[in-house]
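In: Could you look at this predicted model? Sequence included:
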Amino acid sequence: MLYVRGGEYREELVKLRLHEGTPDRPIKVRNFPGERAVVRGLVWLRQPMYWKIRGLNVTWDPTTKPPPRAMVKVTGGVGWTWKKSEIWGSRGYANMLVVGAGEDEPAKWSILRNCIHDIRPPKGSRGSNLNITKMRAAGPGQVNRNIIFGDAGQRNVALGSVDDGATDLAITNNTIYGGKVAASFAGNSHGVHITRNILGGASSGILISWHSPEGYDNLVRQNLGIQPTRFLRPDAEPEIEGPGNVLAESVTFPDVSSCYGFHTEAGAALPYGRYAVG
């Protein structure tokens, strides 16, 4: 167990040699109980094996030049978890980037109960709060019970790019708000299921964008959409829309600008999102 004491650490942790954990003896990195630890800089992990990271917050260091693709980057790995952290404010192209390694990594990975927000890419560029891409036969992976929100011009969750994709991934019970779209499919993403999330506030009026003609087994179902025009464009509906998506413009959040917000008393929202009941 490695405890990180409270305070701010200016670090570019990009060439770390990682010890390998096992299912029975994982490597645990945690904030010291009751203290808030913030890394101002970069954290890049390559092929973490059974690492469990909790309460390690990461934000942007304005002295970082030039802006890298990602502030937090995890490449491959098996059995890793990043949870209960705030990751925010990157001036690169992603607050958090998960990419594949080899044929089947990352595997058994999880992003749980975090707050990821406010990507600010270079002027004229496109960015995302969470980018998952360059996978072949990776998975399973899960993105579960996070709050993800941001600028009206950017994507919240980007799945794949022009010629690659995300694979075998469950995006479940998250609250994803703001941005141009809640999530975007591209490339050959496959096996991505978006379920029981609250999706809202997209400036484009479309919650999910789809540019993945080579993808397959992708599904958007049983989500709650708030303040949108629609979940998908008509050409995408037969490709990835499943049953049970509900639009409820009456559901609102009093606070949509902090990690402590995104609560609602609306009964219609109870089965969905970060604070779903059941």
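Out: That came in fine, so what should we check first?
In: Using PDB, write out every CA atom in stretch 123-132.
Out: Provided in PDB are the C-alpha atoms of stretch 123-132 (Å, rounded to 0.1, in the frame of the first residue of the first chain):
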ATOM      1  CA  LYS A 123      -7.400  26.900 -29.800                       C
ATOM      2  CA  GLY A 124      -9.100  25.400 -32.800                       C
ATOM      3  CA  SER A 125      -8.600  21.800 -31.700                       C
ATOM      4  CA  ARG A 126     -11.000  19.200 -30.600                       C
ATOM      5  CA  GLY A 127     -10.700  17.500 -27.300                       C
ATOM      6  CA  SER A 128     -12.500  15.100 -24.900                       C
ATOM      7  CA  ASN A 129     -12.700  14.600 -21.200                       C
ATOM      8  CA  LEU A 130     -12.300  10.800 -21.600                       C
ATOM      9  CA  ASN A 131     -10.900   9.200 -24.800                       C
ATOM     10  CA  ILE A 132     -10.800   5.400 -25.200                       C
END
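In: Any chance you could list what contacts that stretch?
Out: 70, 90, 92-99, 111, 116-121, 141, 143, 148-150, 154-160, 166, 169, 179, 184 (Cβ atoms under 8 Å, 6 or more residues apart in numbering). Where C-beta positions appear, they are placed from N, C-alpha and C, glycine not excepted.
In: Okay, buried residues for it please.
Out: Buried residues in stretch 123-132, counted by 16 or more other Cβ atoms under 10 Å: 127, 128, 129, 130, 131, 132.
In: same deal with stretch 147-157?
Out: Under the neighbour-count criterion of 16+ other Cβ under 10 Å, stretch 147-157 has 147, 148, 149, 150, 151, 154, 155, 156, 157 buried.
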